[in-house]
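Novice: Build me a model from this:
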Amino acid sequence: MTAPGTAPPLPNDAAAAFSTGDFRAALGMFATGVTIVTARGADGSLVGLTANSFNSVSLTPPLVLWSLAQRAGSMPVFSRGSHYAINILAADQKDLAQRFAMRDIDRFAGVAWREGAGGAPVLEGAAAVFECANRSQYQEGDHVIFVGEVERCSWATNALPLIFHGGRYYTELPL
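Specialist: Down below sits the predicted model:
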């Protein structure tokens, strides 16, 4: 019997039914927006990374979520910090998405930003921004799910979104 609110364990053979590559390829069929999540470290350093694991949670209170690999170098900043900003990228920000996905570079060099709630960097030109208090965290599998309470949000009225699908970037196309 499983405790209330907990998922039952998977049968042992369910995990072997597909490979990690199969799982990744199937997930890639879900088109997502592209975000850059930013924060300021306790030492004042700026941290940011490209992520597409973003979703709304609640309107009242206003909550959103995103996830980060446990082994990410930026995990200490995000897990201990009081605030972060989720910058939803516009169609013309593909280069920024790629830049913040790279390692061993100064991701903020030459990037226009302003200070947001709790000192988190808010990127100029984003389609939308959610400035969040770091409300809660849940460790699941190899990631940590961050739930943020939105303290401020803004959006560009006619911005086209940057979309990621099947390993490629797209923008909105009318049907």
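
Novice: can you give me how far the helix or strand harbouring residue 64 is from the chain middle?
Specialist: Element membership for residue 64 (DSSP states H and E) is strand 63-69. Mean C-alpha position of strand 63-69 versus that of the full chain (CA atoms, centre = their mean, to the nearest Å) differs by 6 Å.

Novice: who touches residue 56 in this structure?
Specialist: Neighbouring residues of residue 56 by CB atoms under 8 Å, 6 or more residues apart in numbering: 63-65. For the C-beta atoms, the positions are set from N, CA and C on the backbone; glycine is no exception.

Novice: which among the residues you listed gets closest to residue 123?
Specialist: residue 64 (16.4 Å; CB to CB).

Novice: hang on, the closest one packs against residue 51?
Specialist: No - with contacts counted by CB atoms under 8 Å, residue 64 stays clear of residue 51, the gap being 11.7 Å.

Novice: who has more neighbours, those two?
Specialist: More crowded of residue 64 and residue 51, by other CB atoms under 10 Å: residue 51, with 23 against 20.

Novice: need the contact list for the more buried one.
Specialist: By CB under 8 Å, 6+ apart, the neighbours of residue 51 are 35-37, 66-68.

Novice: May I ask which two of these are separated the most?
Specialist: Spatially, the most separated pair among those is 36 and 67, at 14.5 Å (CB to CB).

Novice: between those two, who's got more neighbours?
Specialist: Taking other CB under 10 Å, residue 36 and residue 67 do not tie; residue 36 has more neighbours (26 against 20).

Novice: Tell me which residue lies nearest the centroid of the protein.
Specialist: residue 51 (3.9 Å; CA atoms, centre = their mean).

Novice: what's the top helix by length along the chain in contact with?
Specialist: The helix that spans the most residues within the chain, counting by DSSP state H, is helix 20-27. Helix 20-27 is touched from outside by residue 18, with contacts defined as CB under 8 Å, 6+ apart.
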